[in-house]
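>>> I need the structure of the sequence given here:
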Amino acid sequence: MFDNCPYQNLFKKKKALITGGAGFIGSHLTQHLSQLGCSVHVLDNFSTGKRINLDGVKAKIIEGSILDQDTVQAAVQGCDFVFHLAGMVSVPVSIQEPNVCFHTNIDGTKIVLNASINAGVSRLLFASSSACYGKTPSLPSKETDPVSFESPYAESKFRVEQLLQNECSIDSVSFRFFNVFGQRQDPHSPYAAVVSAFQHALESGKTPMVYGDGSQTRDFVAVENIVHALLLAASHSRRFQGEVFNVGTGAANSIIELLHLMANEEELRFEFVPSRDGDVLHSCASIEKLSAVLGYKPIISTKDALLKLVNPMMP
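Take a look at the predicted model:
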């Protein structure tokens with residue numbers, strides 16, 4: 001899938017730190033960077049990440065928090081790139097514990113940023129979120145659209161974007177990920193992403209729960225496409241200086257459509273439950289900027305990735 005990508009030979013003998021590298025997205029990035037010949041350090045406190053996600057992957061694992069300055073400083077030594085994926089990732093939890101969210105996502109990033117500058121890192125890549133566009137975004141959302149904070153999580157992501165834009169000592173890129181899905185997403189969390197929750201329900205013969213009426217739309221983007229965008233940016237010759245990019249597919253599906261796709265035309269029953277605080281009704285990325293600047297296009301379609309997820313034996 002990643003064959004013939006423009007960065008195939010650009011990470012050999014390079015070194016990278018991935019914060020949150022044992023998590024869902026981070027473990028995929030760790031795996032692919034390692035396969036490209038990059039020496040990878042993973043910093044993870046394993047609050048949500050799992051060691052099993054890195055089984056068989058060549059990487060140095062450092063157990064620790066992004067809030068520990070000494071640990072971060074040691075982890076980043078000698079690195080060419082830092083992929084900063086660690087942080088509080090749940091909108092509902094951020095509403096319950098806003099101070100913890102701001103401390104982890106903003107103060108933690110300041111520690112990672114300062115350590116990266118001190119270590120002479122060439123580029124820092126930050127995982128932001130489409131949550132920055134709020135509950136009623138323009139569709140498809142463009143990076144120049146107004147932001148709206150419906151949760152502390154969204155505000156923390158935008159504040160970090162601003163922090164990176166104002167820091168000239170290091171080159172950096174922020175990516176507003178839309179609804180990422182793929183293997184290794186945890187379906188057991190009470191805040192599990194919709195695809196992993198649906199997959200678990202279908203595999204266990206349970207009735208999938210649909211929040212709201214299921215008409216909500218999302219830009220569902222396979223984790224392989226997220227990794228592809230990160231690697232394109234890390235290896236690009238352009239200086240970014242905190243530039244923001246959407247990462248999605250440029251198309252949206254409703255929650256009900258998604259479930260029918262995953263069920264592969266089998267008859268389905270749903271259990272409708274009340275909507276959750278902070279949830280967005282409609283979301284879709286404009287990927288024009290990402291395509292124009294980085295030459296990005298999805299390397300796997302949402303439909304193909306969903307079918308592969310529910311049927312791993314597919315070629």
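
>>> wait, is Pro187 part of a helix?
No. Going by DSSP: H, G, I helix; E, B strand; the rest coil, the assignment for Pro187 is coil, not a helix.

>>> tell me the contacts of it?
Contact analysis of Pro187 by C-beta atoms under 8 Å, 6 or more residues apart in numbering lists 196-197, 199-200. (C-beta placed from N, C-alpha, C; glycine too.)

>>> what's the most distant pair in the residues you listed?
Greatest spatial distance among these (C-beta to C-beta): Ala197 and Gln199, at 7.3 Å.

>>> how about low-confidence regions in this protein?
Applying pLDDT under 70 to the chain flags the ranges 188-192, 264-266, 277-278, 312-315.

>>> Now do the helices in it.
Along the chain, counting by DSSP state H, helices occupy 24-35, 69-76, 91-96, 98-102, 108-119, 152-165, 194-204, 223-234, 255-263, 288-294, 302-310.

>>> Just the C-alphas of the last one, formatted as CSV.
Same thing as helix 302-310. Output in CSV follows, covering the C-alpha atoms of helix 302-310 (Å, rounded to 0.1, in the frame of the first residue of the first chain):
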residue,chain,number,x,y,z
THR,A,302,-13.0,4.5,3.2
LYS,A,303,-15.1,1.6,1.8
ASP,A,304,-12.1,-0.6,1.1
ALA,A,305,-10.6,0.1,4.5
LEU,A,306,-13.9,-0.7,6.3
LEU,A,307,-14.3,-3.9,4.4
LYS,A,308,-10.7,-4.9,5.2
LEU,A,309,-11.3,-4.1,8.8
VAL,A,310,-14.3,-6.4,9.2
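
>>> Can you list the buried residues in it?
Buried residues in helix 302-310, counting neighbours by 16 or more other C-beta atoms under 10 Å, are found at 302, 305-306, 308-310.

>>> Residues touching it, excluding its own?
So helix 302-310 is contacted by 181-183, 195, 199, 202-203, 220-222, 224, 249, 251, 253, 258, 261-262, 264, 300, 314 (C-beta under 8 Å, 6+ apart).

>>> That helix vs helix 255-263, what angle?
50 degrees (axes from the mean of the first three to the mean of the last three C-alpha atoms, to 10 degrees).

>>> so how many other residues sit close to Gly56?
7 (other C-beta atoms under 10 Å).

>>> just Ala74 next, same as before
If you count neighbours by other C-beta under 10 Å, Ala74 ends up with 15.

>>> tell me the contacts of it?
Taking C-beta under 8 Å, 6+ apart as the test, what Ala74 contacts is Ile62.

>>> Repeat that for Cys5.
By C-beta under 8 Å, 6+ apart, the contact list for Cys5 reads 228, 231-232, 299.
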